[in-house]
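> build the 3D model from these lines:
(chains A and B)
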Amino acid sequence: MKNTVLKIEDLEVSINENKILKGLNLEIKEGEVHALMGTNGAGKSTLVKTLSAHYDCVVTNGVITYKKKNLLDLDVSQRANEGIFMSFQSPIEVPGVNNSYFLKTAMNEKRKYAGLEEIDAMEFLKHVKEETAKFNIDRKLLQRDLNDGFSGGEKKRNELIQLLMLQPDLILLDEIDSGLDVDAIKTVANVINSMLDGKRSILMITHYDRLLELIKPDFVHILNDGKIVKTGDYSLALELDEKGYEAIGIKDESK
Amino acid sequence: MNENKQIHDVINKEYKLGFETLVQSDTFAKGLNEDVIRAISAKKDEPSWLLDFRLKAYAKWLKMEEPSWAHLKYPKINYQDIAYYSAPRKALDSLDEVDPEILKTYEKLGIPLEEQKQLAGVKTVAVDAVFDSVSVKTTYQDELEKLGIIFCSISEAAHKYPELVKEYLASVVPTVDNYFACLNSAVFTDGSFVYIPKNTRCPMELSTYFRINALDTGQFERTLIIADEGSYVSYNEGCSAPTRDERQLHAAVVELVTLKDAQIKYSTIQNWFPGDDNGKGGILNFVTKRGLCKGDNSKISWTQVETGSAITWKYPSCILAGDNSVGEFYSVAIASKSQQADTGTKMVHLGKNTKSTIISKGISAMRGTNAYRGLVRVGKNASNARNISECDSLLIGNKCHAHTYPYHEIRNSSANIEHEATTSKISEEQLFYISQRGISEENAIAMIVNGFCKEVLKELPMEFAAEAKELLSISLEGSVG
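Residues are numbered from 1 along each chain as shown, chains lettered A, B, ... in the order given. This is a model prediction of the structure:
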């Protein structure tokens, strides 16, 4: 039996007093890849933001258990150090903070949290060189300030570098493929697939079937009006792509 | 948002140096008149020319008015409600005789008052420790004297080196320069005097640490640094005060003079008590700092990190009189809680081919107000003057303010002046992003602020830079709202 990594029960979440999630249940086990689909406004981003303790999301009901801990007791950085990594749809620019200094600090915070010794600059550079070389990602990004003036594609590649270096246990991908060309999407898929070791789990939001095709999720969930209304395997994504939401009985509110 | 509460908690970290030293002191009754000035002068057994200097300044001050042009709001200061002299009660000649309580105070502040054997590769710092109105101890004097370097309190200098003091005192900041400088000229108590002889590079950092301790007492320090031809000195100034509900006045005058080919690097870490959240208590800091590049090819460089004070009114300036002289101003000023800072510089180009650089970083958080005020003046005969100014403001939260008042007066058409200004804000989204990678919110803010200030922090001597970084994070941790 595989261990459960994340269990969400009856989750209700509001943003600015608007109820977005209305009793959501989801269980993710070790090594599983889950895809979350749904129309705009269904609550997909709210779910991953809630899991990361985003300040906008107010949990009004429900329980979230992560690695047998009450996730709601942990703050943003604690959750990160417990192995939750959220890739941002639009990574934030932070001028003045050197990218490589930032990443080294983040790695060491995680190591400290786990009771490990900090790594020094030399080890860090060696490690980052290896990881980026594997996937042909340009290391020059590390010399600049954190996401400052990066193009959309550069920002996403920077997220991948962080992902590779931080080696999280639960990866939350919020439309990591948005705005990327076909080659870049391949890089994303290569990185993600390389990280699937049977232990690590993924929850990904995507509209784009190309990425699903490359990653092949174990489960596909359809979120509508704050609840998961349908769960299936990869074929559900294919069906959705072919026929659209209306055909499987979901009204697209955004249209 | 619950984030706000958290932010509030973190920024409210206590001022760490706010303790009070219980020491018997000799404090004048509150009030200011000619007799008080005579009494100060008598306490210091001053030569009569210095008493005359004071009395003349006092007479002029009585006719002056407190300036109101700065972007600062504070209740009118009652100058009769301040004591103008306070000194710990023991005779203080050698370290053994310094009151142990005072020694403990400096120990707590991390200021070494004991001379150590100089080790190869370890930089020594010579310290002049000023406690309320008197200098309690100056270290490494003997060693410096061997090189002809004078480092002592200004009171001592008035006795031992009257010619130098007479020649340079008020030569850069005239008595009537401004209201606070004039008051200082009348009632100044202690401060440091430095003279670096010709072609001498001062082998250690010189440092003065100002501590206000006594209640209801003003501190009026006077510092004078002279770098003779071809010499160099790096001088650091630090300050702190106890946490109190009453506001206290600090009105200092600092004068620097560089002769031909000389250089002075003056760094300040100002950590006076900033007052509480609602603006109660704290130091009112009205300071006149000015350097005169008197000789050709001379250079004066001001670096300041201003984290404390309820009110800061301070414009370290350079008068570039010598040809090819260089003036620099690097500043980080924080206004958090209810602090108000109106600070900047004046660069006055008089000689030919003079150059000045201004880099100002203002950080406003909570209900702080930060104003940069700078003047670049190029005189008629100052051909080929060059100035670069960069003024950046960083806002943390929604209730703070930043203002920039750059003034330019250019009277020579060969001048080349550049001015750049930016304003940015630390957003909650930035903090969330950084925290989502495992870095706590406090460290995230420190990271952004240090990044914002790095051009200035790199100008500080190494030991001071570490202290400054720590101070910045204490003053600002978690201040988004």
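> near chain B, which residues of chain A?
Residues of chain A found near chain B (Cβ under 8 Å from any Cβ of the partner chain) are A:52, A:54-55, A:75-77, A:79-81, A:85-86, A:88, A:91-98, A:101-103, A:105-106, A:109-110, A:113, A:145, A:162, A:166. Heads up, the C-betas are built off the backbone N, CA and C, glycines and all.
> of these, buried ones?
Buried members of the residues of chain A next to chain B, counted by 16 or more other Cβ atoms under 10 Å in any protein chain shown: A:52, A:54-55, A:76-77, A:79-81, A:85-86, A:88, A:91-98, A:101-103, A:105-106, A:109-110, A:145, A:162, A:166.
> looking at the residues of chain A next to chain B, which are in helices?
Among these, the residues falling in helices (DSSP state H) are A:76-77, A:79-81, A:101-103, A:105-106, A:109-110, A:113, A:162, A:166.
> number of nearby residues for residue 195?
As the question left the chain open, I've gone with chain A. 15 (other Cβ atoms under 10 Å in any protein chain shown).
> switch to chain B, that's the one I care about
Residues within reach of B:Y195, counting by other Cβ under 10 Å, total 23.
> just the element for it, please.
B:Y195 belongs to strand B:192-196 when elements are defined using DSSP states H and E.
> contact partners of that strand?
B:128, B:130, B:135, B:138, B:149-154, B:156-157, B:161, B:164-165, B:202, B:206, B:208, B:223-228, B:231-233, B:235, B:262 (Cβ atoms under 8 Å, 6 or more residues apart in numbering or on different chains).
> next step: these restricted to helices.
B:154, B:156-157, B:164-165.
> which among those gets closest to chain A?
Each of the ones in helices among the contacts of strand B:192-196 was scored against chain A by Cβ to the nearest Cβ, and B:I154 proved nearest at 40.1 Å.
> so the closest one versus A:N158, what's the distance?
According to Cβ to Cβ, to the nearest Å, B:I154 and A:N158 sit 55 Å apart.
> which residues does the residue lying closest to A:L166 once chain neighbours are set aside contact?
Excluding its sequence neighbours, the residue lying closest to A:L166 (Cβ to Cβ, 6 or more residues apart in numbering or on different chains) is A:F85, at 5.9 Å. Contact analysis of A:F85 by Cβ under 8 Å, 6+ apart lists A:162-163, A:166, A:168, A:170-172, B:436-437.
> what's across from A:F85 in the sheet?
Bridge pairing for A:F85 (DSSP bridges) gives the partners A:I171.
> B:L395 too?
Where B:L395 sits in a bridge, its partners, by DSSP bridges, are B:S364, B:K425.
> what does the one 10 residues further on give?
On DSSP bridges, the residues paired with B:Y405 through beta bridges are B:R373.
> likewise the one 4 residues further on?
Under DSSP bridges, the beta-bridge partners of B:E409 are B:R377.
> any idea how far it lies from B:G379?
For B:E409, the distance to B:G379 (Cβ to Cβ) stands at 9 Å.
> tell me which of those two has more neighbours.
Neighbour count, other Cβ under 10 Å: between B:E409 and B:G379, B:G379 has more, with 19 against 10.
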